[in-house]
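Visitor: Give me the fold of what follows.
(chains A, B, C and D)
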There are 2 protein chains.
Amino acid sequence: MARLGVEAIRRQQLIDATLKVIEEHGFQGATIGKIAGASELSVGIVSHYFGGKQGLLEATMRYLLSCLQKDVAIYMAGRPNAPRERLLAIVDANFSGVQTNAQSAKTWLAFWTQAMHSPDLMRLQRVNERRLLSNLVFYLRQLMPTEQARSTAQTIAALIDGFWLRAAMSEGRIEPDQAITLCKSYIDHAIQANNGAC
Amino acid sequence: MARLGVEAIRRQQLIDATLKVIEEHGFQGATIGKIAGASELSVGIVSHYFGGKQGLLEATMRYLLSCLQKDVAIYMAGRPNAPRERLLAIVDANFSGVQTNAQSAKTWLAFWTQAMHSPDLMRLQRVNERRLLSNLVFYLRQLMPTEQARSTAQTIAALIDGFWLRAAMSEGRIEPDQAITLCKSYIDHAIQANNGAC
DNA sequence: TCGTTCATTGAACACCTATTCAATATACTG
DNA sequence: CAGTATATTGAATAGGTGTTCAATGAACGA
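Guide: Have a look, this model is predicted:
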């Protein structure tokens, strides 16, 4: 085995196991013992690579955020460079996680809840939120006045979060297609309202 | 002391203490010991009146839901009986909790998270969700076609949840006024779009 | 006043969790 | 093949949690 790669492999093993256990047993039921069992490693390895449970949870959230960021990049790369197309790509990317894994919404919600009492997690969450907002504002400003762009961005962000929340609550029977359709519908309405149409 | 009223008083004491402790220490940090301390009662009383910690948490969520329902009734009573007014009242009611207590959003989020792994809490959450949706659809149908009313209701519901989530995350620096304004703005846009205006 | 019922207490208990660290296994080096 | 460093283990530990229940306190009726 590649000696230098062991650490990276083990870390990812543990992060994957953490996601799996949270999905299955919830945030509260995600114990070191269960995570170690799911990763087929020992309980001691968590402290060795992450300094403790908290470190593993932070790393797991960081991983989820990086996946989201990567999805945004991918969806944008596959579309023409026009403001409206960029906005729709952002919506698609933000719901791609729901499509691939219905349970992942639960994990996000668990992290959000945990973040309120953990400054480190909260900071991560804030960075992600600001990135989404500034992304939205950037493209909306090319379609409407700055002030209105800001309001519309806030509304789109709330809409995305709201549909995620509903997806998490609906226990598998989610319809991300509907959420995407409604989000895009709102975006087009907001654009048309400023296009001087009529 | 009124002998027959003791039970009701104690139950409310414990529910109030639960809300206070969750606000302060989060859902995970809300232990029987802390709740008992905050209520100035003993740890044994929880099992006596609620059968255990889980029972107390369910009763607390039930209490929050009943408060929300009461708020909706109050805000509706204070406005004229017109579809648009009713819709705006629903928005106001759903954000009244944030205004009075910035931290209560955290408690809601904690309950949502908990609900995913507790069938009883999930059932309560579903009932509440359906009530909000059917309420919205009822009034929207008087302003637009049924199909569009359904979509708009879904969007409004997601918008409300999304702004609640952002309120919970923003750690006190929330601006419910802005959330209310944006929700109402969306409602008016949706109504005008179907009014054949232009 | 005494006896009875209801309300409340909180120490004792059993259970669970994260962390630690000496022992062991594994993989590289000379 | 030693020898050394690294990687991994998992039993032992310490701390914390919810629940129980015998004992105590308070209020009421006869």
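Visitor: how about the residues of chain A near DNA strand D?
Guide: Contact residues, chain A versus DNA strand D (C-beta under 7 Å from any atom of the strand): A:3, A:6-7, A:10, A:40-45, A:48. C-betas here are computed from N, CA, C, even on glycine.
Visitor: please redo it, this time with the cut-off set to 10 Å
Guide: A:1, A:3-7, A:9-11, A:13-14, A:32-33, A:36-37, A:39-49 (C-beta under 10 Å from any atom of the strand).
Visitor: filter the residues you listed to the buried ones?
Guide: For the residues of chain A next to DNA strand D, a neighbour count by 16 or more other C-beta atoms under 10 Å in any protein chain shown gives the buried set as A:10-11, A:13-14, A:32, A:36, A:39, A:41, A:45-46, A:49.
Visitor: So which of the residues you listed reach DNA strand C?
Guide: Within those, those near DNA strand C by C-beta under 10 Å from any atom of the strand are A:32, A:36, A:45-46.
Visitor: Next step: the residues you listed restricted to strands.
Guide: Taking DSSP state E, every one of those sits outside strands.
Visitor: can I get the residues you listed in TSV with distance to chain B?
Guide: Shown next, in TSV, are those (distance: C-beta to the nearest C-beta, whole Å):
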residue	distance to chain B
A:Ile32	15
A:Ala36	20
A:Ile45	24
A:Val46	18
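Visitor: Out of the residues you listed, which is nearest to DNA strand C?
Guide: A:Ile32 (3.4 Å; C-beta to the nearest atom of the strand).
Visitor: Quick check: that closest one vs A:Leu56, distance?
Guide: Going from A:Ile32 to A:Leu56 by C-beta to C-beta, to the nearest Å gives 8 Å.
Visitor: who touches both of the two?
Guide: Residues touching both A:Ile32 and A:Leu56 (C-beta atoms under 8 Å, 6 or more residues apart in numbering or on different chains): A:Val46.
Visitor: any idea which element A:Ala30 lies in?
Guide: Under DSSP states H and E, no helix or strand contains A:Ala30.
Visitor: so where is chain A shaky, pLDDT-wise?
Guide: A:1-4, A:98-103, A:171-174, A:196-198 (pLDDT under 70).
Visitor: before we move on, back to that, take the residues of chain A next to DNA strand D and keep only those in helices.
Guide: A:6-7, A:9-11, A:13-14, A:32-33, A:36-37, A:39, A:44-49 (DSSP state H).
Visitor: could you pull out the helices for chain A?
Guide: According to DSSP H, the helices that chain A contains are A:6-25, A:32-39, A:44-50, A:53-77, A:83-100, A:104-115, A:119-140, A:146-169, A:176-194.
Visitor: Widest-spaced pair of the ones next to DNA strand C among the buried ones among the residues of chain A next to DNA strand D?
Guide: A:Ile32 and A:Ile45 (9.7 Å; C-beta to C-beta).
Visitor: Over in chain A, which residue gets nearest DNA strand D? Let me know.
Guide: For chain A, C-beta to the nearest atom of the strand, closest residue to DNA strand D: A:Gly44, 1.9 Å.
Visitor: what about that residue, distance to B:Glu7?
Guide: 49 Å.
Visitor: How about A:Gly55?
Guide: 46 Å.
Visitor: Check A:Val72 too.
Guide: On the measure of C-beta to C-beta, A:Val72 and B:Glu7 end up 54 Å apart.
Visitor: A:Gln192 too?
Guide: 59 Å.
Visitor: got it, and A:Gly33?
Guide: From A:Gly33 to B:Glu7 the distance is 40 Å (C-beta to C-beta).
Visitor: wait, isn't A:Gly33 in contact with A:Gly44?
Guide: No - applying C-beta atoms under 8 Å, one finds A:Gly33 not in contact with A:Gly44, separated by 11.4 Å.
Visitor: what's the spacing between stretch A:97-116 and its chain's center?
Guide: 8 Å (C-alpha atoms, centre = their mean, to the nearest Å).
Visitor: Please disregard the earlier target; I meant stretch A:153-173.
Guide: The answer for stretch A:153-173 is 11 Å, by C-alpha atoms, centre = their mean.
Visitor: Just the buried residues of it, please?
Guide: A:153-169.
Visitor: what does stretch A:48-63 give?
Guide: A:49-50, A:56-61, A:63.
Visitor: Also stretch A:107-123?
Guide: In stretch A:107-123, counting by 16+ other C-beta under 10 Å, buried: A:107-118, A:121-122.
Visitor: So for B:Ala89, which of the helices of chain A sits nearest?
Guide: That would be helix A:146-169 among the helices of chain A, by C-beta to C-beta, at 19.7 Å.
Visitor: tilt between that closest one and helix B:104-115?
Guide: Using axes from the mean of the first three to the mean of the last three C-alpha atoms, to 10 degrees, the direction of helix A:146-169 lies 30 degrees away from that of helix B:104-115.
Visitor: and stretch A:129-142 with chain B, contact?
Guide: Yes - interface with chain B: stretch A:129-142 contributes A:Glu129 (C-beta under 8 Å from any C-beta of the partner chain).
Visitor: Next: stretch A:151-163.
Guide: Yes - when contact is scored as C-beta under 8 Å from any C-beta, part of stretch A:151-163 falls within range of chain B: A:151, A:154-155, A:157-163.
Visitor: Chain A against DNA strand C: which residues are in contact?
Guide: A:1-6, A:25, A:28-36, A:42-48, A:50-57.
Visitor: contacting residues for A:Ser60?
Guide: Just so we're on the same page, residue A:60 is Thr rather than Ser. A:15, A:18-19, A:111.
Visitor: and if we set it to 6 Å?
Guide: A:15, A:18 (C-beta atoms under 6 Å, 6 or more residues apart in numbering or on different chains).
Visitor: same deal with A:Leu109?
Guide: Neighbours of A:Leu109 in contact, by C-beta under 6 Å, 6+ apart: A:168, B:113.
Visitor: Tell me how far it lies from B:Ala30.
Guide: 18 Å.
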